[in-house]
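**Q** next one to model:
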Amino acid sequence: MSKLYGRSVLVTNDNVDRALRKLKKKIQASNLLNELRERETYVKPTTQRKIKRNAARNRWRKYLASQQLPPRLY
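**A** Next up is the predicted model:
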């Protein structure tokens, strides 16, 4: 039996579907796909700050909306 390195899974009992699911979970947990998507294109630092600022604004709006009382339904 050889050693498995990196993000790899072992296929047992010819169950490729289960191994594929395990591999997908490992990749999702390691955040590899998100990192690759971010590195696909260059984003200028000012644009990155703008995106982060807008995300913070949206989070704050969502928080404020969750703190409001629901409208009175008659």
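**Q** switch to C-alpha atoms for all contacts and neighbour counts from now on
**A** Fine.
**Q** now do the same contact list for Ala19.
**A** Applying Cα atoms under 8 Å, 6 or more residues apart in numbering to Ala19 gives the contacts 9-12.
**Q** lowest pLDDT pick from those?
**A** Here the lowest pLDDT out of these sits on Leu10, with 80.
**Q** helix or strand for the spatially closest residue to that one that is not a sequence neighbour, which one?
**A** Nearest non-adjacent residue to Leu10, counting by Cα to Cα, 6 or more residues apart in numbering: Ala19, 6.6 Å away. Element membership of Ala19, judged by DSSP states H and E, is helix 16-30.
**Q** can you give me the helices for this structure?
**A** 16-30, 32-40, 45-67 (DSSP state H).
**Q** any stretches of the protein with poor pLDDT?
**A** 1-2, 4 (pLDDT under 70).
**Q** one more time with 80
**A** 1-8, 74 (pLDDT under 80).
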